[in-house]
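[1] One predicted model, sequence on top.
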Amino acid sequence: MDVIRKIGHNEIVEITTPVLIIWNDGKSRLCADFRSLNNYTKADRYPIPSIHHALDKLEKAKHITKMHGMKGFHQNGVKLNSMKLIRIICHMGIYEYTGMPFGISMHQPTSKG
């Protein structure tokens, strides 16, 4: 799954967030600050239950499935009309996330395990 998409030259861009590129052991990592969006996001209507509730349910389970979530934040998709709000700008151009990036508060309950 592609995590970001490059914005074309003919697309209108109203908002972008500056991005820092951090190199760690020769690998680059994008770091954008989306905290200002948290004032405008709606809380998750169906947050993940507490660990105690989940363990109570597991006690009665007949089958248990184990799933490994790599890149947990980027696995959840973003609605097309919201992608324009999570655009980033760097020396290589303007990009928008296609998967939910780290730092947006409504995503946190979905990714806790």
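    Perfect, thanks for sending it.

[2] Tell me which helix or strand in this protein has the weakest average pLDDT.
    For the chain, using mean pLDDT, DSSP states H and E, the weakest element among its helices and strands is helix 108-111, scoring a mean of 48.

[3] give the contact list for Val19.
    Val19 makes contact with Leu30, Cys31, Ala32, Ile88, Ile89, Cys90 under the criterion CB atoms under 8 Å, 6 or more residues apart in numbering. For the C-beta atoms, the positions are set from N, CA and C on the backbone; glycine is no exception.

[4] wait, doesn't the first one sit right on Ile86?
    No: counting by CB atoms under 8 Å, Leu30 stays clear of Ile86, with 11.6 Å between them.

[5] who has more neighbours, these two?
    Applying other CB atoms under 10 Å to Leu30 and Ile86 shows that Ile86 carries more neighbours, namely 23 against 16.

[6] returning to what we had before: name only those of the contacts of Val19 that count as buried.
    When burial is judged by neighbour count using 16 or more other CB atoms under 10 Å, the buried members of these are Leu30, Ala32, Ile88, Ile89.
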